[in-house]
Structures are given as C-alpha cells and as structure tokens.
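Novice: Below are the sequence and a predicted model; questions follow.
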Amino acid sequence: MFDSLRRLLGIAAAPSPESPGAFQQLNEVAPLKSAAKVDPATGANQKYSFVCREAVLNRDERIEGYEFALERGLQSRMLEKSALTRRVYDDAMLRNLAPLGVSSLLGHRFAFIHLSPASLKNPLLEAFSRMNVVVMITPGEVAVIDLAEVRADLQRLGKMGIKHGWKLNKSHPEIAEFLTGADFIELEATAFDGLELKTMYRQFRSLPGRPKLIVSELPTSDDFNLSYHCGFDYFMGSFVSDRNNWQPAKSEINRLRVFEVLNMVRSGVEFGAIADCLRTEPLLTFKLLRYINSPGMGLQQKIDDISQALMVLGLGRFYRWLSLLLFDFTKPSYQERVLNEQVLARARFMEMLAGKGRVPTDPDQVFLTGLFSLLDVMMDQPLENILNQVALPVPVAAALNGEPGEMLDVLMLAVAIESGTPGAMDAAAQQCSLDARSVTGAMVEALAWAHQISAAGE
C-alpha cells in the first residue's frame, strides 16, 4: 500500500535561466546543503532537501494532520526576501513532497503545506489535485502582491480540488476578500495578545464561509487550554511535546508482566512457557493479538493465539510487538496520543533505514532502539532504571545509554527529524551516510504506518 513511496523523491524539471541566480540568493540565507544529482533519463537536476513535520491537533485532542516544511525557521526569513527567492524555497519543498502521495498515505488527515502567493502558479501543485492537501498562504508584504493574480490563482486551486488557507502574524485588511473564501485561517499565537486572539476568533468565525481556525506556536499546555476554551478548531506548537508537567500515564496493561515476558523471550525460553505466562493476562493477550493482526503488520493469515503468534513471527518479531504494549494508555489525552504516535513513527523510521548507509542492518534491533528511546518519558523514570528491568540486545542498550556508534547515530537522526533544528538533520544524515531523498521518504511512510498501528491499538 506504500508503493507510491518507492518512487524517486523530488525529480526536478530542467532549470530556467533565472534558477541559478535564485538558488544563489536562497543559499545565502538558507543553504540547502543536499547535493544536486542528475536524472539519467532527463539530464535534469534533482534537488533533495530535508522536510520536517509538525503535528496539528483537533478539539478531540487527536492528530488531525501534519504541517510539512523545509527546515523550520527558514520560512520567516523567506518572508523578508524577494518573490523569486521565495518561489525557489517553495519549489524545493514541493519537489520533495509531490512524488510521495503524502495525502493518500495520511488517509483522512490533512497535509498542510505553506507557500507564498508567488508560488500559487507552481505546476507541481497539480500533483496534489483532489487530495487532502491544504495550501496555507503566507502573505508577507501584501503591498507587492498582485491581488488580481492571487484571485485567479485561488480559483484555479479550487478547480483542482485543493483547499487553501492563510497564515497571519499581523492584520492584513488588504486580503479581507480572500479570508472570506478561505477554508482555513491560521493565527500565530506569539504575534497577538489574548484579547486580540479572541477578537480575531470572533471576527473570522462570523465569516460566511465558516473557515476552520488554527492557532499555532502555542508554547505551553496553558496556552493550549486558553485557545481551546476560546473555540479554535486546531492547535499547533511546542506544547504538544512539552514534558515539563508530564505525569506517568496509566495503563490497563501490567507492565511488570510485559517486562517479565520480554526477558523470557530474550533468554530463549521455550514457546510453550511463554504462552503459558501470557494466558494469565487475558487483557494483555487480547491487545497483543490486536496489534499483530493490524493492517500495518501485513500478515496473510489471522493469528488467534499466542502459540501461533510465536510460531509465525519468531521470537525476534514477537519481542518487538510485545514491546508496543508498554505504550498502551488508559483514556489517553493529547500528550499520550502524540507520544504514542511519535515513538511508533520514530521506531518505524529507523527500521526503514536499516542496512542503508551506515545504519545497522538488523531491522528489529533498530526498531527497538527507537521504541525504547522514549520509554523513560512515558514511565516518568530514569532510563537507567528501565534498562535494569528488561534485557535488550547489546547494541540497543548501548545506544540508549548514549554510547557512540552507528545505532546511536541513526537514533540522533530520528530525533533531528522531529525537532527540525536548522542544520541538525543534514549533519545527522551525513553521519549515517544517508541522503535527503531516503530520509524524507522514510519519514512520511513512518507517519502513515504509526497512524495505522495507533488506530489498531485504540
């Protein structure tokens, strides 16, 4: 089901005469360090760049979609640059995302892509026709925008079935007519005080088109709660991954029994003894079988009991699926849901890179490294204490303890992809001898897989 991700990522058309100068401008303020390659079929340059993502929560405190962008922090700098430079920035991002089938992978979830008005004519947007993609327009200096052209461009997007919205960090009365027809309006929380946000919320909520309202750059859970009670539809910001006030989440699963069985598996205990141990934990068995039979597993036959699971999967794969139960939560809030999906995506991302570049070849060990790397957050215990309770493969335990090596390198790449700090992804990828194409493709597919497994767990 992920065939679309096997295609090459970001094959560019032959550059126009203005492109070299534009890329030179862009590299002065935001260098795209990925090496240019040549498509042997067309002779055209292929520009690959690292793409970050940020979760967008809905009012049910579930992930409603993801915002995709190149390295965070670049976009605000791009708003100050020429329309030509901004088009180059936008083009680089679209060339990374267009071949992925990102919307079909994310299912009902939205894929928010931020563009400048100067990029609304980009032919690559046709790749997102009739998908669950939302083009979010960042106006910059509206005085230099041809409003008639924007009007025509938005009509063309509508005919292609592409939703659109506007991201605002100040008042823009010049684009009032466009806000009336927008599907989404995003307000940067840090650009307005609380009273201004409430006033703008009431103003935009009363528009005839009833656009969905997003508030972004929320730093804390308190800011999220205030925006929630204000009435906003969607929420973004560092509050999503803020662990400062994290409390260990409750679970119906007996995690001590999970640790016990994990140690039995690692010790090579016979299948029958493992199955007998789990028979005393019906809830654990039920949830384990639900994970194993989920679509993301891709099995051709249904597994009905633990003995069968051990025979079909083998001890290595059984171990990793049993480990998922450590992230089972009772009545999860957004923090637990985001953490669960984050750790699944991290583990799957790392597994997909196994054997590439300088990444270790054992996919199960790479997967477990990603999975256990957030267990200390989930259980609110020092990682050292947790590792004393469960027997892990030596390379996994070494990486989790911070010992230098290839396993730690790929873990640091996964962390860099999530944080999106400028330059961190490129440096981490180089350490693993990986390029942007493989990293971005694995990241998006991992998000889709994590969503499938999370849905199965619920």
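Specialist: All right, it came through fine. Numbering: from 1, shown residues only.
Novice: Contact partners for Ala345?
Specialist: By C-beta atoms under 8 Å, 6 or more residues apart in numbering, the contact list for Ala345 reads 443, 446-447, 449-450. Using the backbone N, CA and C atoms, a C-beta is placed for each residue, glycine as well.
Novice: just curious, which of those is nearest to Arg255?
Specialist: Here the nearest of the contacts of Ala345 to Arg255, counting by C-beta to C-beta, is Ala450; it sits at 20.8 Å.
Novice: For the closest one, list the residues it contacts.
Specialist: Taking C-beta under 8 Å, 6+ apart, we find Ala450 in contact with 341-342, 344-345, 348.
Novice: all helices for the stretch 351-458 of the chain, in order.
Specialist: Under the criterion DSSP state H, counting those that start in this stretch, helices of the stretch 351-458 of the chain are mapped to 363-372, 375-379, 383-387, 394-400, 406-419, 424-431, 436-457.
Novice: where along the stretch 51-200 of the chain do the helices fall?
Specialist: Under the criterion DSSP H, counting those that start in this stretch, the stretch 51-200 of the chain carries helices at the ranges 74-78, 83-97, 102-106, 147-159, 176-180, 194-205.
Novice: Going toward the C-terminus from the last one, what's the next helix or strand?
Specialist: Note on helix 194-205: by DSSP states H and E, the next helix or strand toward the C-terminus is strand 212-216.
Novice: Residue ranges in the stretch 351-458 of the chain under the pLDDT threshold?
Specialist: Residues of the stretch 351-458 of the chain that meet the criterion pLDDT under 70 lie in 419-422, 456-458.
Novice: Pull up the gap between Leu187 and Phe367, please.
Specialist: Using C-beta to C-beta, to the nearest Å, one obtains 39 Å as the distance from Leu187 to Phe367.
Novice: ok, now Arg86?
Specialist: For Arg86, the distance to Phe367 - C-beta to C-beta - is 39 Å.
Novice: Contact partners for Asp362?
Specialist: Taking C-beta under 8 Å, 6+ apart, one finds 354, 393, 395 in contact with Asp362.
Novice: which residues does the closest residue in space to the second one that isn't next to it in sequence contact?
Specialist: Using C-beta to C-beta, 6 or more residues apart in numbering and skipping residues adjacent in sequence, the residue nearest Pro393 is Gln365, 5.1 Å away. Residues in contact with Gln365, defined by C-beta under 8 Å, 6+ apart, are 393, 395-396, 407.
Novice: Throw the residues you listed into JSON lines and include distance to Ala414 and neighbour count, thanks.
Specialist: As requested, the contacts of Gln365 are exported to JSON lines (distance: C-beta to C-beta, whole Å; neighbours: other C-beta atoms under 10 Å):
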{"residue": "Pro393", "distance to Ala414": "18", "neighbour count": "17"}
{"residue": "Pro395", "distance to Ala414": "15", "neighbour count": "19"}
{"residue": "Val396", "distance to Ala414": "14", "neighbour count": "24"}
{"residue": "Met407", "distance to Ala414": "11", "neighbour count": "25"}
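Novice: Which of those residues sits closest to Gly316?
Specialist: Minimum distance to Gly316 across these is 9.4 Å, recorded for Pro393 (C-beta to C-beta).
Novice: so the closest one makes contact with Phe367?
Specialist: No - with contact defined as C-beta atoms under 8 Å, Pro393 and Phe367 do not form a contacting pair (10.9 Å).
Novice: How much space separates Phe232 from Ser206?
Specialist: From Phe232 across to Ser206, the span is 15 Å (C-beta to C-beta).
Novice: Which of those two has more residues huddled nearby?
Specialist: Phe232 (26 against 8; other C-beta atoms under 10 Å).
Novice: Could you verify that the more buried one is part of a strand?
Specialist: No - using DSSP: H, G, I helix; E, B strand; the rest coil, the secondary structure at Phe232 is coil, not a strand.
Novice: Relative to Pro173, which of the contacts of Gln365 is nearest.
Specialist: Nearest to Pro173, judged by C-beta to C-beta, of the contacts of Gln365 is Met407 at 54.6 Å.
Novice: Tell me the spacing between the closest one and Leu84.
Specialist: 43 Å.
Novice: do the same with Glu418
Specialist: The value you get for Glu418 to Leu84, if C-beta to C-beta is used, is 32 Å.
Novice: which one of those two has more residues nearby?
Specialist: More crowded of Glu418 and Leu84, by other C-beta under 10 Å: Glu418, with 18 against 14.
Novice: That one touches Arg346, doesn't it?
Specialist: Yes - contact criterion C-beta under 8 Å: Glu418 and Arg346 qualify, at 7.1 Å.
Novice: I'd like the contacts of Asp362 written out as CSV, with distance to Asp222 added.
Specialist: Rendered in CSV, the data for the contacts of Asp362 read as follows (distance: C-beta to C-beta, whole Å):
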residue, distance to Asp222
Ala354, 41
Pro393, 41
Pro395, 41
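Novice: tell me which of those residues is nearest to Leu322?
Specialist: Closest approach to Leu322 among the contacts of Asp362 (C-beta to C-beta): Pro393, at 14.4 Å.
Novice: OK, contacts around the closest one?
Specialist: 266, 362, 365, 368.
Novice: at 10 Å what do you get?
Specialist: Applying C-beta atoms under 10 Å, 6 or more residues apart in numbering to Pro393 gives the contacts 266, 316, 319, 362, 364-365, 368-369, 399, 407.
Novice: What is the nearest of these to Thr285?
Specialist: Tyr319 (15.6 Å).
Novice: Hmm, Gln342 is touching Val240, no?
Specialist: Yes - here Gln342 reaches Val240: they are 9.1 Å apart, a contact under C-beta atoms under 10 Å.
Novice: who touches both of these two?
Specialist: 55, 63.
Novice: The closest residue to Asp376 other than its chain neighbours: neighbour count?
Specialist: Nearest residue to Asp376, sequence neighbours excluded (C-beta to C-beta, 6+ apart): Leu383, at 4.0 Å. Neighbourhood size, Leu383 [other C-beta under 10 Å]: 17.
Novice: From Val338, how far out is Leu383?
Specialist: 20 Å.
Novice: quick revisit: looking at the helices of the stretch 51-200 of the chain, which is buried most?
Specialist: Across the helices of the stretch 51-200 of the chain, averaging neighbours per residue (mean count of other C-beta atoms under 10 Å) puts helix 83-97 on top, at a mean of 22.
Novice: where does the chain have low pLDDT?
Specialist: 1-50, 70-83, 100-105, 107, 140-144, 241-253, 296-297, 329-332, 419-422, 456-458.
Novice: I figured Leu322 hits Cys277, correct?
Specialist: No - between Leu322 and Cys277 there is no contact under C-beta under 10 Å: 11.1 Å.
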